[in-house]
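Undergrad: Based on what follows, work out the 3D shape:
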Amino acid sequence: MILELVGGENLAANLGRLASKGRISIIGTGAGARAEIDFGLLMRTRGRIHGSMLRARSIEEKAAVIEALGAFMSGRTFRVPVEETFELARTQDAYERFRAGHKFGKIVVCP
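TA: Numbers count the residues shown, from 1 in each chain. Got it, this is the predicted structure:
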């Protein structure tokens, strides 16, 4: 499962990384709400794309989503990809790398 947090052109890279029968869950569109889809990649992996938004849901629905997510994550191991790490003294460089975009993973600042 790929949780897409920013949307936009990230979808193309996500499709390239999608495992067989994998899912892409779009939960944010900070980088854009539109993207091109290579249906061939999606069909070859037998993948699925799903979109969801908490903002428009009631408090009860939000609580149910959090409970379901906790149950889903329980006992599983997750890998968070790291694009690049920076020492604390290079925080400005880290921010510039973040703003540049075109990354897969987190930008991490280490003390």
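Undergrad: for this structure, what spans make up the strands?
TA: With DSSP state E, the ranges of strands along the chain come out as 2-4, 23-26, 48-51, 82-87, 106-110.
Undergrad: Tell me which residue lies farthest from the centre of this structure.
TA: Residue farthest from the centre of the chain, counting by Cα atoms, centre = their mean, is A89 at 27.8 Å.
Undergrad: By mean pLDDT, show me the worst of the strands of the chain.
TA: The minimum mean pLDDT among the strands of the chain belongs to strand 2-4 (a mean of 88).
Undergrad: rewinding a little: out of the strands of the chain, flag the one nearest A68.
TA: Distance to A68, taken as Cβ to Cβ, is lowest for strand 23-26 among those, at 12.4 Å. The way it works is simple: take the backbone N, C-alpha and C, and place the C-beta from them, glycine included.
Undergrad: Put the alpha carbons of that closest one into CSV.
TA: Written as CSV, here are the backbone C-alpha positions of strand 23-26 (Å, rounded to 0.1, in the frame of the first residue of the first chain):
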residue,chain,number,x,y,z
ARG,A,23,-3.1,-0.1,-3.6
ILE,A,24,-2.5,3.6,-3.8
SER,A,25,-4.5,5.6,-1.2
ILE,A,26,-4.6,9.3,-2.0
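Undergrad: Thanks again, I'm all set now.
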